[in-house]
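**Student:** Take this sequence and fold it.
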Amino acid sequence: MPRRTKIVATLGPATDAPDVLNRLIETGVDVVRLNFSHGKHETHFQRAKQALAAALACGRSLGVLVDLQGPKIRIGKFKTGGTLLQHGARFTLDADMDLNEGTDNSVGLTYKQLTRDVTPGTALLLDDGRIMLRVEDVKGQKIVCYVINGGELSDNKGINRQGGGLSAAALTDKDREDIKAAAQIGADYLAVSFPRSAADIIEARELLRAAGGKGGIVAKIERAEAVDNIEDILRVSEAVMIARGDLGVEIGDAAVPPVQKRIIKLARQMNRVTITATQMMESMIESPIPTRAEVSDVANAVLDGTDAVMLSAETASGAHPIEAVAAMDRVCRVAEQQYEATHGTIRDDAFQRVDEAVGNAVMYVGNHLPVRAIAALTESGSTTLWMSRISSALPIYALTPREDTQRKLTLYRGVYPVRFETRSTDPNMVLKDAVKLLRYRGAVGDDDFVILTIGEPLAKPGGTNTMKIVNVRDVKNEIGF
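**Tutor:** Predicted structure coming up:
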């Protein structure tokens with residue numbers, strides 16, 4: 001059986017060699033991530049081109065996700081490269097200081113408005129929470145802090161406000177230029193970093209459409225405000241990424257697991273796609289095998305119902321990118337065999353669309369009848385989205401002539417895009433051609449049952465209105481193959 005949970009892998013220097021990229025895709029990468037926090041547009045264009053060519057050579061569909069940098073709030077640089085902060089010491093964050101002139105007592109800020117977002121008593125977390133400062137006073141452009149948790153502090157480390165509350169806009173001038181580049185690349189998904197509300201997602205979509213891009217918007221949940229506004233954000237997004245690094249710093253590490261579970265559950269209920277990200281196999285940046293804790297983390301995300309799990313530095317700059325993907329593939333496959341990953345319930349609320357009703361009906365029948373596979377003839381992929389929200393062991397083959405739909409579906413759990421074209425205008429003949437294709441691919445055998453869905457009239461996006469259950473042998477005897 002093919003793996004149901006999708007793997008997103010970040011491209012970088014470690015994947016630039018053609019043999020590495022080819023092996024990554026052969027090992028099971030479904031979507032490649034281009035991290036616009038690093039590198040030039042030309043480099044990302046080249047990586048996307050190479051990845052799509054490698055996928056074509058492997059006969060696989062591959063999605064492309066562009067990840068915007070967002071408002072990275074950082075300290076500047078130190079004259080000596082860093083300093084050691086001692087517990088109880090005073091340290092100043094100075095918005096007026098030159099970004100290259102940090103000392104043992106103070107350092108500059110890239111985000112000059114930080115002085116407006118803090119008051120005495122505010123807790124500031126630096127370097128992914130490793131260092132904690134408490135604001136004692138704000139004097140003009142200087143934020144005088146007391147060191148709660150000290151340690152080595154080096155150049156350009158990030159800053160978070162515990163509990164959220166930073167007013168930085170989600171989209172920077174750099175992001176706006178990067179959105180134009182994402183449109184030129186033809187990104188299937190655009191990830192928006194640090195959104196606070198639905199308005200940030202709407203703005204990103206408008207900018208992407210204005211640039212000619214057609215990809216879906218992924219809201220990265222990494223601010224406390226985003227958790228508070230999660231339903232509104234989900235309504236205007238195609239997908240969410242649970243970016244647990246900055247999120248854990250803002251809401252506290254212990255709060256991340258229940259928030260992760262709640263977001264995945266809510267997203268599935270609202271028919272949205274989820275990506276679970278950050279530190280999933282981080283030890284594999286250096287080690288050829290994951291820790292047991294990382295294995296459990298990936299498995300639990302699968303059991304929660306996530307559509308995809310993501311690798312960042314593990315593949316972008318790590319020493320073992322192929323092994324990291326192989327380990328993630330292995331863990332996902334075993335987790336998917338568990339009962340909670342293969343049995344789901346149909347929603348009990350009213351359906352809003354005919355194709356949504358058909359998709360849910362298919363999954364109910366498929367989970368209660370000895371069916372081998374589901375084949376959905378689709379233009380937009382909507383019907384397969386409804387199907388993939390319900391846990392099942394059945395593979396859902398999305399048969400479509402459209403390349404953009406094939407690439408979009410690479411992120412949907414349990415959905416496998418297949419290029420399918422037919423000259424027939426007879427729906428019954430089209431369905432039989434679909435069965436023939438699945439039999440040819442080895443997805444089904446002569447004695448298997450298949451559930452097929454189609455829309456009449458043909459080629460109408462969102463028009464799925466028919467479900468049919470057929471025996472492969474009957475179709476084979478009728479049309480011959």
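**Student:** can you tell me the helix or strand for Val365?
**Tutor:** Per DSSP states H and E, Val365 falls inside helix 354-368.
**Student:** could you list every residue that touches the residue nearest in space to the middle of the chain?
**Tutor:** When C-alpha atoms, centre = their mean is applied to the chain, the residue found nearest the centroid is Ile275 (3.6 Å). By C-beta atoms under 8 Å, 6 or more residues apart in numbering, the residues touching Ile275 are 8, 218, 239-242, 306-310, 411. Every residue, glycine included, has its C-beta placed from N, CA and C.
**Student:** is it true that it lies in a helix?
**Tutor:** No: counting by DSSP: H, G, I helix; E, B strand; the rest coil, Ile275 is not part of a helix but strand.
**Student:** so where do the strands sit in the stretch 351-481 of the chain?
**Tutor:** 373-377, 396-400, 415-419, 449-455, 464-471 (DSSP state E, counting those that start in this stretch).
**Student:** Which helix or strand contains Leu153?
**Tutor:** strand 151-154.
**Student:** Report the strands that pair with that strand, each with its relative direction.
**Tutor:** strand 82-85 (antiparallel) (DSSP bridges).
**Student:** can you give me the mean pLDDT across the strand it pairs with?
**Tutor:** The average pLDDT within strand 82-85 is 96.
**Student:** Neighbours of Arg439, how many?
**Tutor:** Neighbours of Arg439 under the rule other C-beta atoms under 10 Å: 19.
**Student:** what's near enough to touch it?
**Tutor:** With contact set as C-beta under 8 Å, 6+ apart, Arg439 has these partners: 445-446, 472, 476, 481.
**Student:** next one: Thr278
**Tutor:** 242-245, 310, 312.
**Student:** which ones are touching the residue nearest to Asp16 when sequence neighbours are not counted?
**Tutor:** Nearest residue to Asp16, sequence neighbours excluded (C-beta to C-beta, 6 or more residues apart in numbering): Arg47, at 7.2 Å. Contacts for Arg47 were tallied using C-beta under 8 Å, 6+ apart; they are 11, 15-16, 32, 34.
**Student:** do the same with Thr15
**Tutor:** The neighbours of Thr15, taking C-beta under 8 Å, 6+ apart as the test, are 9, 21, 24, 47, 315-316, 321.
**Student:** Next, the spatially closest residue to it that is not a sequence neighbour: phi, psi?
**Tutor:** In space, and not counting its chain neighbours, Thr15 is closest to Leu21: 5.3 Å by C-beta to C-beta, 6+ apart. When read as degrees, to the nearest 10, the backbone of Leu21 gives phi -60, psi -40.
**Student:** can I assume Leu21 is in contact with Leu52?
**Tutor:** No: contact criterion C-beta atoms under 8 Å: Leu21 and Leu52 do not qualify, at 10.4 Å.
**Student:** Show me which of these two is the more surrounded one.
**Tutor:** Shown here are Leu21 and Leu52; by other C-beta under 10 Å, Leu21 has more neighbours (23 against 20).
**Student:** low-scoring stretches of the protein, by residue?
**Tutor:** Residue ranges of the chain with pLDDT under 70: 459, 462.
**Student:** Go through it and flag its longest helix.
**Tutor:** Longest helix of the chain, by residue count under DSSP state H: helix 41-58.
**Student:** Give me the next element, helix or strand, following it.
**Tutor:** strand 63-67.
**Student:** relative orientation of that following strand and strand 273-277 in degrees?
**Tutor:** If you take axes from the mean of the first three to the mean of the last three C-alpha atoms, to 10 degrees, strand 63-67 sits at 60 degrees to strand 273-277.
**Student:** strands paired with strand 63-67, and their directions?
**Tutor:** strand 31-35 (parallel), strand 189-192 (parallel).
**Student:** pull the CA atoms of it into CSV?
**Tutor:** Coordinates of each C-alpha in strand 63-67 appear next as CSV, following Å, rounded to 0.1, in the frame of the first residue of the first chain:
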residue,chain,number,x,y,z
GLY,A,63,4.2,19.8,-5.3
VAL,A,64,6.2,23.0,-4.7
LEU,A,65,5.7,25.1,-1.5
VAL,A,66,7.3,28.5,-1.2
ASP,A,67,7.8,29.6,2.4
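**Student:** Centre of the chain to it, how far?
**Tutor:** In terms of C-alpha atoms, centre = their mean, to the nearest Å, the centre of strand 63-67 is found 9 Å from the chain centre.
**Student:** How about stretch 110-126?
**Tutor:** 30 Å.
**Student:** Likewise for stretch 173-184?
**Tutor:** Between the centre of stretch 173-184 and the centre of its chain there are 19 Å (C-alpha atoms, centre = their mean).
**Student:** Give me the buried positions along it.
**Tutor:** Across stretch 173-184, burial judged by 16 or more other C-beta atoms under 10 Å covers 175, 178-183.
**Student:** How is this protein divided into domains?
**Tutor:** Domain assignment for the chain, taken from automatic domain parsing, gives 6-71+170-337, 82-161, 354-479.
**Student:** of these, which approaches Thr345 most closely?
**Tutor:** Minimum separation from Thr345 across the domains of the chain (C-beta to C-beta) falls at domain 354-479, 7.5 Å.
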